[in-house]
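Visitor: with the sequence up front, the predicted model follows.
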Amino acid sequence: MIYTVTLNPALDRAITVERFLEDDTIRVLSETVYAAGKGIDVSRVIRELGGQSVALGFIGGYDGLHLEGLLINAGVMTDFTRISRNTRTNVILKENATGRQFVISAAGPQVDAGEIGEFYQNVRQIQGMDYLVMSGSLPRGVTPNVYGQLILAGQKRGAFIFLDTDGAALKESVEYRPTGIKPNRYELSRLMERDIDSETEILAACNQIHDKGIAYVLVSMGKEGMILSTVEEKIKAVAPPVEVESPVGAGDSAVAGFILAHSQSRELEECVRLACASGTASAKTPGTELCHRADVEELLSLVEISHL
């Protein structure tokens, strides 16, 4: 079974208006609430593509129950750890007249040491953990080394461990040798502490990461596609141009596609192909809405694969 970890989940409240007017009443044209957070996005997309996973993380208060209910209604299995404080709500504002979008991201609740310990013990006791996917930022009270501790727990279960985070959490966690990581080129630059832009620079950085014992590096490059690097292979996938509504969630969708395909024992080329198609299909949807299966299937055969 695939397990996803979201330590700082959120309700995403997407609001569309015609135009922002200063000192005047602004009428809401549409409003939608999504269960959000990077690991939760991975679980949602895996479900959309016909797979199954279990979403783990912290939830609290009525908003936490709302988030869990949204996932249950969507067919996503959950096993959250409850905390005393309320789950955060992010606000995404879109202006129809200009196409501008503003994302207001809440910091999230403070998580107590006892709640962290309870969550860790829950992870340690999981049976049948084939994949452990950890994604996203950390809530207040949780230090960057938490991912390293969870990597060790997953390794004891023999799980394929995939990490998608940034900054200090990524830098500390690579020392514990997760099976794979998914930085974009900017996150890769921060990890390597140098500017990385060209394919040559990306591949050189990936090789340095492999030297640390990390088998897979999946680097997303926006409209330029993505590169999967292993010690033996370097595979590039590029999707056809699409009209981008919102890039939010594209990276999470790519992770979901890759992990789902890998869990089905597909060849690496097909894993990257599904990752690229899923990420691109997500970019076609507005706000924080994620990819639709029909769009992914339409794009699959159009993704160009090359070996570097």
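Guide: The structure has been received and is ready for your questions.
Visitor: which non-adjacent residue is nearest Gly61?
Guide: Asn86 (3.3 Å; C-beta to C-beta, 6 or more residues apart in numbering). Where C-beta positions appear, they are placed from N, C-alpha and C, glycine not excepted.
Visitor: and that neighbour, helix, strand or coil?
Guide: Using DSSP: H, G, I helix; E, B strand; the rest coil, the structure places Asn86 in coil.
Visitor: that one contacts Gly64, doesn't it?
Guide: Yes. Under the criterion of C-beta atoms under 8 Å, Asn86 makes contact with Gly64 at 6.8 Å.
Visitor: quick one, which of these two is more surrounded?
Guide: Gly64 (22 against 14; other C-beta atoms under 10 Å).
Visitor: against Asn8, how distant is the residue lying closest to that one once chain neighbours are set aside?
Guide: Sequence neighbours aside, Thr87 is the residue nearest to Gly64 in space, at 3.9 Å (criterion: C-beta to C-beta, 6+ apart). According to C-beta to C-beta, to the nearest Å, Thr87 and Asn8 sit 9 Å apart.
Visitor: give me the common contacts of those two.
Guide: 58, 108 (C-beta atoms under 8 Å, 6 or more residues apart in numbering).
Visitor: pick out the residue closest to the middle of the chain.
Guide: Asp252 (3.1 Å; C-alpha atoms, centre = their mean).
Visitor: show me the shaky parts of the stretch 151-300 of the chain.
Guide: 287 (pLDDT under 70).
Visitor: where exactly do the strands run in it?
Guide: Per DSSP state E, counting those that start in this stretch, the stretch 151-300 of the chain carries strands over the ranges 160-164, 180-181, 216-220, 226-229, 234-238.
Visitor: ok, which of these comes nearest Cys271?
Guide: With distances scored as C-beta to C-beta, the stretch of those nearest to Cys271 is strand 226-229 (7.2 Å).
Visitor: helices along the stretch 151-300 of the chain, start to end?
Guide: Assigned by DSSP state H, counting those that start in this stretch, the helices in the stretch 151-300 of the chain fall at 167-173, 185-192, 199-210, 250-263, 268-283, 293-300.
Visitor: reformat the ones you listed as a markdown table; add distance to Val91.
Guide: Below are the helices of the stretch 151-300 of the chain laid out as a markdown table (distance: least, C-beta to C-beta, whole Å):
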| stretch | distance to Val91 |
| --- | --- |
| helix 167-173 | 23 |
| helix 185-192 | 24 |
| helix 199-210 | 34 |
| helix 250-263 | 19 |
| helix 268-283 | 20 |
| helix 293-300 | 26 |
